[in-house]
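Visitor: Fold the following for me, if possible:
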Amino acid sequence: MKEITAERGENKTTLFLAGRIDSGNAGAVEREIAALIRGRERLPLVIDAGALAYISSAGLRVILRLRKARPDLKLVNVGPEVYEIFDMTGFTEMMEVEKAYRVVSVVGCEVIGEGFNGKVYRIDGDNVVKTYKNADALADIRHEREVARLALVLGVPTAISYDVVKVGDSYGSVFELLNAKSFSKILANEPDRFDWCVSAYVRMLKKIHSIAVPAGKLPSMKEKTLALVGRVREALEAEPGEKLLRLVESLPESDRMLHGDFHTKNIVLAGDEVLVIDMDTLCVGLPIFDLVQMYNAYIGYSELDPEIVLAFQGYPAETARRFWHETLSAYLGTTDEEALSKAEEKIRILAYADLIDWSLRFPSGDKEADERLFCYRRTALTALLQKTDTLLF
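Guide: Presented below is the predicted three-dimensional model:
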């Protein structure tokens, strides 16, 4: 065992371990650690294991006794081989153990997918990495890996992350996606495949919506929407606000899977297989909730500024509107324009509510533009509420 060093900060104590800890030196290591932390028992204790090459069962017992005395103990920067020892012996379930992650750069990489929480970049011919906007993204990564695994088990073709990496100041999940290209890329560059994209897209959407999810595995989109409506009501007149709440409350719960962000950047063609990516938004509920997010991705966000959808999806607003219309027709199984219009009116009610909530929580900084958008959406939502007594169709 090489020398143990300590960094005694104002808010924590960090110990740096190096070399090996085994039966030959475990006792000496334990005594040295005790000496280094004496008098600092009230401060959080962190062990940096970046230079630790090996730890035996004797060394693990040292850590275990230290953990019993210091419940706040945290291990960081643990190399893959040492981390595997901690993982196999159950230490990762007893305490916080952070693995040392390899660093990946996405500078100049192609964006092949994008959602609210992050972006998916192609980093080489075989692999992509999803980066997260949240700087402390490890919890988000764990959540997405869990729900992606659940979706795969239940029959949704998706990519499973096989590695976690450091990307800038945050973290990313690495997936293998051979020769993958998003439906956005196909629609932008291969217009002759428009009808194929609609057909494949709707098949996947129906497949997802046909899956019953075991109770408690995914959050309820109705509950999320009720919370959203609670915020939006305060920005509406009393009567439309109350009606919006009643309409959402009257929707039945459902155990059917929803993607939550099902737009063409999150559907990819890998070889000859269609896959769904960006799975962190998975939830359960009625299909209208997915249709609402789809409407906003293709029309709602860019309704007053067509350049928005071009910048985000990579194809013009005309293509987005046509894709939405053809998708809704294929999904509902009708070409009756009156029926499609009535269904869209119901979808737009929740779409405008979502857009109003978004603008209230994330103002652009341009007060005049924000107010103009808010007034337009509030007026449109109020008018639609006057025409609708149910969101079911």
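
Visitor: Longest strand in this structure, by number of residues?
Guide: strand 45-55 (DSSP state E).

Visitor: Paired strands for that one, with orientation please.
Guide: Neighbouring strands of strand 45-55 in its sheet, by DSSP bridges, are strand 13-21 (parallel), strand 74-78 (parallel).

Visitor: And for that strand, what's in contact with it?
Guide: Strand 45-55 is contacted from outside by 2, 12-22, 37, 63, 66, 70, 72-79, 81-82, 85-86, 100, using Cβ atoms under 8 Å, 6 or more residues apart in numbering. C-beta: built from backbone N, CA, C; applies to glycine.

Visitor: before we move on, the earlier item: could I get the strands paired with strand 45-55 in a markdown table, plus columns for mean pLDDT and mean neighbour count?
Guide: Compiled in a markdown table, those are given as follows (pLDDT from 0 to 100; neighbours: other Cβ atoms under 10 Å):
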| stretch | mean pLDDT | mean neighbour count |
| --- | --- | --- |
| strand 13-21 | 94 | 19 |
| strand 74-78 | 93 | 20 |
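
Visitor: Distance to residue 336 added to those strands, as a markdown table?
Guide: Shown next, in a markdown table, are these (distance: least, Cβ to Cβ, whole Å):
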| stretch | distance to residue 336 |
| --- | --- |
| strand 13-21 | 67 |
| strand 74-78 | 60 |
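
Visitor: Show me the one of the ones you listed that comes nearest residue 363.
Guide: With distances scored as Cβ to Cβ, the stretch of those nearest to residue 363 is strand 74-78 (36.7 Å).

Visitor: Now do residue 173, the pLDDT please.
Guide: What the model reports as pLDDT for residue 173 is 89.

Visitor: Show me what it is bridged to.
Guide: residue 130, residue 164.

Visitor: where do the helices sit along the stretch 151-300 of the chain?
Guide: Using DSSP state H, counting those that start in this stretch, the helices of the stretch 151-300 of the chain run over 183-189, 194-209, 221-233, 238-249, 287-298.

Visitor: Of all the ones you listed, which one comes closest to residue 8?
Guide: Nearest to residue 8, of all those, is helix 221-233, at 44.5 Å by Cβ to Cβ.

Visitor: Flag every buried residue along the closest one.
Guide: Across helix 221-233, burial judged by 16 or more other Cβ atoms under 10 Å covers 221, 222, 225, 228, 229, 232, 233.
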